[in-house]
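> Sharing a model prediction with you, sequence too.
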Amino acid sequence: MKKEKEKKLIAVSLPYANGEAHIGHIAGAYLPADIYHRFSILTGEDSIFISGTDMHGTGVVLSAEKEGIDPYVFSQKHHEKFKEIFGKLDIKFDMYSNTQSDIHIETVHDFFLDLYKSKYIKIREEEQPYCEYDNRFIPDRYVEGICPVCNDKNAKVSESCDVCSTLIQFDTIIEPRCKICGNTPILKKTKNFFLELELLEKEIRNYIDKKNNFRKNVKEFSLEYIKNGLNPRSITRDMKYGVSIPIKGFEEKIIYVWFEALIGYISATKELKQNHWIDYWRNNSKSIFFMAKDNIVFHSIILPFILLANNNKLNLPYQIVANENLLLEGEKMSKSKNHFMLAKDALSRYGKDNLRFYIAANLPEKKDFNFKEEELINLVNTTLSSNIGNYINRTLTFLYKNFDGSINKFESNDDEDYIKNIFKSINIELSEFRIKSAVHKIIEFSDYANKRFDTLKIWENKNIKNMYILIQYVYALGILLSPIIPESSEKILSILNKKNEGFYYTPYFGKINKPYIIFPKIELI
RNA sequence: CGUGGGGUGGAGCAGUGGUAGCUCAUCAGGCUCAUAACCUGAAGGUCGUUGGUUCGAAUCCAACCCCCGCAACCA
């Protein structure tokens, strides 16, 4: 009996179509996910990597209006931009979809109806701010006015006052006005669908409690969120733009983004695997979600709720990898302060693999990552170029000049054991989502290789057996680097005339091509 | 105020009970195959503060201070 291979779903939180990807997105979610996925594939796992653009929501509508274009056009434009930048950064999805695909809408409808029938979704009536001038319901925070306690002029409903921390309510805010048009909004009754989260509170708490492989931030955050119990949460909105509600009488409303977008993971799996999608969500399968930490509760509470309430016996998230924040030159990024770096600008300024390497070596896994150009340049020039790159170059050049580029198989047990152990240890780091630590172990490895070059004194003895030893390190580096900087890794391996067959080491011998410098230093003004 | 994360040599970080480590920068030596790259050695820290537990604490407990974030349809 052949045991069925475990299937792995690797997903990244859906980027929102209300802006372009910046370096925070890349460091917080997309790059670590890509590295992990590449690693998974190389270890022979049946692993798929999915995401897609989150196309809906008020943010998109308002931004589109500002630009004077249709929200569909606006969101499509950003969808294309996300696709483009991910492609350019070698973030290689098996499926990068968006939440306007037919399959997504159909999937959302299926889930919605299913949950409605089983009473996990119910209709409730509530009062919502309504702007009679704009003729539409507006989100709480778009109602601005004066704080009743301290008279601060920048108060927004449902938020704490920036000055005195009072929670601002619609009935207490002074001179409320609509953020969009400036007129005074009113409260108006409306019926909405609610996710009855409290029904599965016990199950969800139990799930989180038992999850010992969650990072501290994920577990603590989720438990804190659920501590005082879960409440019904509205999942529909009075808007035109979004996924429609598949029930008669609600044509004026749509399904709220945060509910619908989570189902995007399932739609994307369907789009990729058609009828086999469920194999990645059920039975012998594991799902792993990468995101920045502000998305934690959606994945640790809401998504589990949807999966539990659905009657397909879907697995709950196996792992939720949430990262801390990225700071730019010591400060939070801010569009309004023009303190900001788009991914595409970083890419053209630093180059793909330099950027990937720097970010990977500093991922905000446990604490914030302070992105500093000076440090990027330093790391690229001293570590990637002088340490790793120079080792590869000095070894390849020596082999090419002195041995005609050919090497036969020899015995070198100590070094081969050392290399195998490195693979073992880096394998563990990557399996347990410690990518930053894996990168540092690769650097250590390269450091050791340089020491070997010196102790073997090959420039004196020109011993072919020593040459054999040294070239093993080059080959190992080529493979070790492949999840992190795939393009450079390919360059190394192609000089060696090797293909990357997996994340493991086998002795290298053969004939190499003419070497060239793979990691040049960078100089920036 | 509440809550999540963090505070370790000049900079960036690792280290969850047993003589404080790594990378960069600095200084001194060595080498010369290589991208003025590489190697060796030195200097540099009372591990935010105070108190406690322990034979022993960066590591556990308590209180406090500071930084970043969240409570918003901003990653």
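Cool, the structure landed.
> From RNA strand B, how far out is A:F298?
9 Å (Cβ to the nearest atom of the strand, to the nearest Å). The C-beta positions use only the backbone N, C-alpha and C, and glycine is treated the same way.
> no, scratch that, I was asking about A:E198
18 Å.
> can you pull the contacts of the residue lying closest to A:L42 once chain neighbours are set aside?
Nearest residue to A:L42 in three dimensions, chain neighbours excluded: A:F503, at 3.9 Å (Cβ to Cβ, 6 or more residues apart in numbering). Neighbour list for A:F503: A:39, A:42-43, A:423, A:427, A:479, A:482-483 [criterion: Cβ atoms under 8 Å, 6 or more residues apart in numbering].
> Could you do A:L396 as well?
By Cβ under 8 Å, 6+ apart, the neighbours of A:L396 are A:471, A:474, A:495, A:512, A:515.
> Quickly find the element holding the closest residue to the third one other than its chain neighbours.
Right, the one you point to is A:I495. Residue nearest to A:I495 in three dimensions, not counting chain neighbours: A:N513, with 5.0 Å by Cβ to Cβ, 6+ apart. Under DSSP states H and E, no helix or strand contains A:N513.
> for A:N513, what are its contacts?
A:405, A:494-497.
> among the contacts of A:L396, which are in helices?
A:471, A:474, A:495 (DSSP state H).
> If you rank the residues you listed by neighbours, which is first?
Within the ones in helices among the contacts of A:L396, most neighbours by other Cβ atoms under 10 Å means A:V474, with 25 neighbours.
> so that residue makes contact with A:T395?
Yes: with contacts counted by Cβ atoms under 8 Å, A:V474 reaches A:T395, the gap being 5.1 Å.
> shared neighbours of these two, anything?
In contact with both A:V474 and A:T395: A:A449, using Cβ under 8 Å, 6+ apart.
> Local confidence estimate at A:Y350?
A:Y350 carries a pLDDT value of 93.
> Can you get me a residue count around it?
For A:Y350, using other Cβ under 10 Å, the count is 20.
> With only the CA atoms kept, save stretch A:262-273 in PDB.
Taking Å, rounded to 0.1, in the frame of the first residue of the first chain, the C-alpha atoms of stretch A:262-273 are listed here in PDB:
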ATOM      1  CA  LEU A 262     -11.000  34.900   2.900                       C
ATOM      2  CA  ILE A 263     -12.800  32.600   0.700                       C
ATOM      3  CA  GLY A 264     -10.500  33.700  -2.000                       C
ATOM      4  CA  TYR A 265      -8.000  31.100  -0.800                       C
ATOM      5  CA  ILE A 266     -10.500  28.400  -1.700                       C
ATOM      6  CA  SER A 267     -11.500  30.000  -5.000                       C
ATOM      7  CA  ALA A 268      -7.900  30.200  -6.000                       C
ATOM      8  CA  THR A 269      -7.300  26.600  -5.100                       C
ATOM      9  CA  LYS A 270     -10.300  25.700  -7.300                       C
ATOM     10  CA  GLU A 271      -9.100  27.700 -10.100                       C
ATOM     11  CA  LEU A 272      -5.800  25.900 -10.000                       C
ATOM     12  CA  LYS A 273      -6.900  22.400  -9.300                       C
END
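> so how far is the helix or strand harbouring A:E220 from its chain's centroid?
Taking DSSP H and E as the criterion, A:E220 maps to helix A:216-227. Centroid displacement of helix A:216-227 relative to its chain, using Cα atoms, centre = their mean, to the nearest Å, is 20 Å.
> Give the other helices and strands that the helix or strand that that helix is followed by contacts.
Scanning forward in sequence from helix A:216-227 by DSSP H and E, the next helix or strand is strand A:233-234. Using 3 or more Cβ pairs under 8 Å, 6 or more residues apart in numbering; DSSP states H and E, the elements in contact with strand A:233-234 are strand A:186-195.
> what's in contact with the strand it packs on?
Against strand A:186-195 from outside (Cβ under 8 Å, 6+ apart): A:112, A:115-116, A:120-130, A:132, A:137, A:170, A:232-238, A:245, A:250, A:253, A:255, A:259, A:302, A:305.
> Residue numbers of the stretch 351-500 of chain A in contact with RNA strand B?
A:362, A:365-370, A:375, A:378, A:382-383, A:385-387, A:389-390, A:392-394, A:397-398, A:436-437, A:440, A:443-444, A:447, A:450-451, A:453-454, A:459-460 (Cβ under 7 Å from any atom of the strand).
> quick one: contacts for whatever residue of the stretch 101-250 of chain A ends up closest to RNA strand B?
With Cβ to the nearest atom of the strand, the shortest gap between the stretch 101-250 of chain A and RNA strand B falls at A:P139, namely 2.1 Å. Going by Cβ under 8 Å, 6+ apart, A:P139 touches A:58, A:129.
> 6 Å - rerun?
A:T58 (Cβ atoms under 6 Å, 6 or more residues apart in numbering).
> Roughly how far does it sit from A:N310?
Here A:P139 is placed at a distance of 28 Å from A:N310 (Cβ to Cβ, to the nearest Å).
> Same question for A:N408.
As judged by Cβ to Cβ, A:N408 and A:N310 stand 59 Å apart.
> Retrieve the pLDDT associated with the closest residue in space to A:M55 that isn't next to it in sequence.
Nearest residue to A:M55, sequence neighbours excluded (Cβ to Cβ, 6+ apart): A:S75, at 4.1 Å. Note on A:S75: pLDDT of 94.
> For A:S75, give its distance to A:R349.
28 Å.
> For those two, indicate the residue with more neighbours.
A:S75 (26 against 14).
> In contact with that one, which residues?
Per Cβ under 6 Å, 6+ apart, neighbours of A:S75: A:17, A:55, A:60.
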